[in-house]
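A.B. asks: only geometry, no sequence info:
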């Protein structure tokens with residue numbers, strides 16, 4: 001209240017207006033504080049419930065709640081990081097536009113856009129992390145729980161006599177989702193050298209490895225090895241780094257030797273069948289895991305040559321499989337609907353634009369994460385940007401033997417985690433504080 005209001009006897013009204021303003025300001029602060037807490041819950045639930053049926057629905061509810069609770073912070077985050085976020089937004093929009101165009105050209109129903117529309121979540125998730133700066137430790141804690149849940153599911157199914165565990169999903173998809181959680185576990189760890197952190201990571205790695213072995217998925221192994229190698233090498237410098245790299249390589253070769261020589265491990269990981277599958281394929285038998293993949297690569301290449309500009313259309317690879325001469329008989333290969341290779345799948349179904357699209361899906365986030373890492377002078381391979389780089393790489397390696405974006409689980413895992421990690425990395429870079437899990441920044 002100013003002197004003029006005091007002189008005119010309006011001090012009571014002025015006082016009431018100030019009280020009302022203070023109340024509204026308090027309500028605004030409380031609203032933002034609630035949004036930050038919901039953002040932390042969103043991070044935790046995104047990783048913790050990944051492998052449960054409809055597990056991402058809880059995360060979706062938190063994402064929507066935060067957006068409607070503090071839309072002004074999402075708008076401010078977009079303005080602050082527009083140059084970076086516009087890249088992934090443009091990439092996702094281009095992928096969806098390409099899918100819509102292919103759908104119109106081939107006369108398919110709108111349902112085929114389901115998997116492609118999920119890419120809209122990537123920039124949305126990045127905005128959530130940028131706007132609210134939720135503590136990174138919640139994502140790490142969720143990943144620990146997610147790996148534990150996967151291990152429990154795998155043990156339960158294995159005890160029931162299932163040959164390859166997979167929970168409520170395809171065995172390969174299940175293993176690749178577990179690998180993504182392990183990337184979060186290793187690279188989003190809290191800062192510091194506290195023993196309990198490394199003990200938690202070690203336990204999670206053991207549980208994750210057992211789960212992947214029980215799934216019988218070979219395609220996840222190269223990604224897992226690369227993840228460990230970079231984590232070990234990135235933590236040192238000079239000779240010490242090379243010693244660590246040599247030790248890790250020797251350890252991985254030893255583990256690979258065990259998998260080849262120990263009968264149970266060789267059978268469970270299906271390494272003992274690779275040579276047999278190759279011999280059978282040379283004799284014209286394609287109904288085997290390796291033979292089917294080689295046959296699909298040839299089929300995809302032919303489809304690409306026949307339709308280089310448009311491909312055969314969305315979800316039209318399965319009819320091409322049915323036309324194989326071997327499918328005169330009812331073989332298992334004839335029931336598969338995609339090429340089991342990302343580049344082959346996108347090139348065969350969407351032509352040259354599809355090839356460019358799948359390259360951009362991996363390359364755009366990878367470049368953005370690498371630029372954020374280069375702007376950070378910390379030496380240890382730790383943080384949201386490192387986790388993003390490794391997630392892209394393990395998906396790329398797994399995509400050599402599986403069509404990662406032909407399945408809802410792996411598609412959702414990629415777009416949500418890449419979005420969240422990019423948002424967290426942007427905020428860590430802007431704040432100059434990797435220790436977000438211990439700071440009070442962004443808490444309203």
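C.D. replies: All right, it came through fine. The structure presented is a predicted model; accordingly, all values stated were derived computationally and were not measured.
A.B. asks: where along the protein do the strands fall?
C.D. replies: In order along the chain, the chain carries no strands (DSSP state E).
A.B. asks: helices and strands of it: which one bottoms out on pLDDT?
C.D. replies: helix 3-7 (a mean of 48; mean pLDDT, DSSP states H and E).
A.B. asks: now stretch 102-116: how far from the chain's centre is it?
C.D. replies: Distance, stretch centre to chain centre, for stretch 102-116: 24 Å (C-alpha atoms, centre = their mean, to the nearest Å).
A.B. asks: and the gap between residue 76 and residue 46?
C.D. replies: To residue 46, residue 76 is 23 Å away according to C-beta to C-beta, to the nearest Å. (C-beta placed from N, C-alpha, C; glycine too.)
A.B. asks: where along the stretch 1-150 of the chain do the helices fall?
C.D. replies: Secondary structure of the stretch 1-150 of the chain (DSSP state H, counting those that start in this stretch): helices at 3-7, 11-48, 56-69, 71-80, 82-106, 114-117, 121-132, 136-159.
A.B. asks: export those helices to CSV and append columns for mean neighbour count and distance to residue 308.
C.D. replies: What follows is the helices of the stretch 1-150 of the chain, written out as CSV (neighbours: other C-beta atoms under 10 Å; distance: least, C-beta to C-beta, whole Å):
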stretch, mean neighbour count, distance to residue 308
helix 3-7, 10, 77
helix 11-48, 16, 38
helix 56-69, 18, 36
helix 71-80, 16, 37
helix 82-106, 17, 14
helix 114-117, 16, 21
helix 121-132, 26, 28
helix 136-159, 22, 41
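A.B. asks: ok, of those helices, where does mean pLDDT dip lowest?
C.D. replies: Among the helices of the stretch 1-150 of the chain, helix 3-7 has the lowest mean pLDDT, at a mean of 48.
A.B. asks: and the closest residue to residue 422 other than its chain neighbours, what does it touch?
C.D. replies: Nearest non-adjacent residue to residue 422, counting by C-beta to C-beta, 6 or more residues apart in numbering: residue 126, 4.7 Å away. Shown in contact with residue 126 (C-beta atoms under 8 Å, 6 or more residues apart in numbering): 85, 88, 419, 420, 422, 423, 426.
A.B. asks: which residues sit in contact with the closest residue to the third one other than its chain neighbours?
C.D. replies: What it means is residue 419. Using C-beta to C-beta, 6+ apart and skipping the chain neighbours, the partner closest in space to residue 419 is residue 125 (2.9 Å). Contacts for residue 125 (C-beta under 8 Å, 6+ apart) come out as 63, 415, 416, 418, 419, 420, 423.
A.B. asks: wait, the fourth one sits on residue 365?
C.D. replies: Yes - look at residue 418 against residue 365 with C-beta atoms under 8 Å: they come within range, at 5.1 Å.
A.B. asks: quickly list what's touching both of these two.
C.D. replies: Residues touching both residue 418 and residue 365 by C-beta under 8 Å, 6+ apart: 88, 388, 392.
A.B. asks: distance of the first one from residue 122?
C.D. replies: Read that as residue 88. Following C-beta to C-beta, the distance that separates residue 88 from residue 122 is 6 Å.
A.B. asks: between these two, which contacts overlap?
C.D. replies: Going by C-beta under 8 Å, 6+ apart, residues that sit against residue 88 and also against residue 122 are 418, 419, 422.
A.B. asks: in this structure, which ranges drop under the pLDDT threshold?
C.D. replies: For the chain, the stretches flagged by pLDDT under 70 are 1-29, 234-245, 248, 258-273, 283, 328, 330, 377-379, 431-444.
A.B. asks: go with 80
C.D. replies: Scanning the chain for pLDDT under 80 picks out 1-31, 107-112, 192-193, 231-291, 323-337, 375-381, 430-444.
A.B. asks: what sits against residue 285?
C.D. replies: So residue 285 contacts residue 291 (C-beta under 8 Å, 6+ apart).
A.B. asks: make it 10 Å
C.D. replies: 277, 279, 291, 295, 326, 331, 333 (C-beta atoms under 10 Å, 6 or more residues apart in numbering).
A.B. asks: gap between the residue nearest to the first one when sequence neighbours are not counted and residue 275?
C.D. replies: In this case it means residue 277. In space, and not counting its chain neighbours, residue 277 is closest to residue 290: 3.5 Å by C-beta to C-beta, 6+ apart. Residue 290 sits 9 Å away from residue 275, taking C-beta to C-beta as the criterion.
A.B. asks: before we move on, what about residue 233?
C.D. replies: Distance, residue 233 to residue 275, using C-beta to C-beta: 32 Å.
A.B. asks: just residue 134 next, same as before
C.D. replies: The value you get for residue 134 to residue 275, if C-beta to C-beta is used, is 49 Å.
A.B. asks: ok, residue 74 next?
C.D. replies: Residue 74 is 54 Å from residue 275, by C-beta to C-beta.
A.B. asks: and for residue 305?
C.D. replies: With distances taken as C-beta to C-beta, residue 305 is found 31 Å from residue 275.
A.B. asks: what does residue 152 give?
C.D. replies: Counting by C-beta to C-beta, the gap from residue 152 to residue 275 is 34 Å.
A.B. asks: likewise for residue 40?
C.D. replies: Taking C-beta to C-beta as the measure, residue 40 falls 50 Å from residue 275.
A.B. asks: repeat that for residue 307.
C.D. replies: Applying C-beta to C-beta, the value for residue 307 to residue 275 is 35 Å.
A.B. asks: these two: which has the busier surroundings?
C.D. replies: residue 307 (18 against 10; other C-beta atoms under 10 Å).
A.B. asks: mind listing what that one touches?
C.D. replies: Going by C-beta under 10 Å, 6+ apart, residue 307 touches 313, 316, 347, 348, 349, 350, 351, 352.
A.B. asks: compare those residues and tell me which is most surrounded.
C.D. replies: Counting neighbours by other C-beta under 10 Å, residue 348 leads those with 30 neighbours.
A.B. asks: can you pull the contacts of that residue?
C.D. replies: Going by C-beta under 10 Å, 6+ apart, residue 348 touches 296-297, 299-307, 311-313, 316-317, 320, 338-339, 341, 354-355.
A.B. asks: check residue 108 too.
C.D. replies: With contact set as C-beta under 10 Å, 6+ apart, residue 108 has these partners: 99, 102, 313, 314, 315, 316.
A.B. asks: go again using 6 Å as the cut-off
C.D. replies: If you count contacts by C-beta atoms under 6 Å, 6 or more residues apart in numbering, residue 108 has them with residue 314.
A.B. asks: so it versus residue 315, what's the distance?
C.D. replies: 7 Å.
A.B. asks: what's the answer for residue 306, then?
C.D. replies: Going from residue 306 to residue 315 by C-beta to C-beta gives 17 Å.
A.B. asks: what do you get for residue 347?
C.D. replies: Distance, residue 347 to residue 315, by C-beta to C-beta: 15 Å.
A.B. asks: can you check residue 166 too?
C.D. replies: From residue 166 to residue 315 the distance is 22 Å (C-beta to C-beta).
A.B. asks: again, but for residue 337
C.D. replies: Taking C-beta to C-beta as the measure, residue 337 falls 7 Å from residue 315.
A.B. asks: before I go, just wanted to say thanks for your time.
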